[in-house]
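Visitor: generate a structure from the sequence data that follows.
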Amino acid sequence: MDLTRAQWRKSTRSGTSGGNCVEVADNLPDVVGVRDSKDPSGPVLVFGPTTWRAFVDQLPERR
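Guide: Predicted coordinates:
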């Protein structure tokens with residue numbers, strides 16, 4: 001799968017201290033990529049948009 005045009009972003013809640021963060025690329029048609037921010041050239045999990053939305057909708061809301 002070609003992810004060269006992926007625009008990776010990480011939550012603003014992640015802060016700048018590193019830690020256990022993931023990055024998400026949701027700008028590609030038909031796929032959402034997820035990767036470890038500490039290993040940007042490492043493996044990427046790929047989800048369909050509907051599956052990704054179902055996952056995000058189950059996350060507890062943080063304030």
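
Visitor: low pLDDT regions in this structure?
Guide: The chain contains residues with pLDDT under 70 at 13, 15-19, 62-63.

Visitor: give me that answer again for 80
Guide: Along the chain, segments meeting pLDDT under 80 span 11-20, 61-63.

Visitor: for it, just list every one of the strands.
Guide: With DSSP state E as the criterion, the chain has strands at 22-25, 32-36, 44-47.

Visitor: using JSON lines, lay out those together with distance to Arg53 and mean neighbour count.
Guide: For every residue, glycine as well, the C-beta is placed using N, CA and C. What follows is these, written out as JSON lines (distance: least, CB to CB, whole Å; neighbours: other CB atoms under 10 Å):
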{"stretch": "strand 22-25", "distance to Arg53": "12", "mean neighbour count": "18"}
{"stretch": "strand 32-36", "distance to Arg53": "9", "mean neighbour count": "19"}
{"stretch": "strand 44-47", "distance to Arg53": "9", "mean neighbour count": "16"}
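
Visitor: let me have those in a markdown table, extended by distance to Gln58.
Guide: A markdown table is the format used below for the strands of the chain (distance: least, CB to CB, whole Å):
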| stretch | distance to Gln58 |
| --- | --- |
| strand 22-25 | 15 |
| strand 32-36 | 15 |
| strand 44-47 | 13 |
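
Visitor: of the ones you listed, which is nearest Glu61?
Guide: strand 22-25 (17.3 Å; CB to CB).
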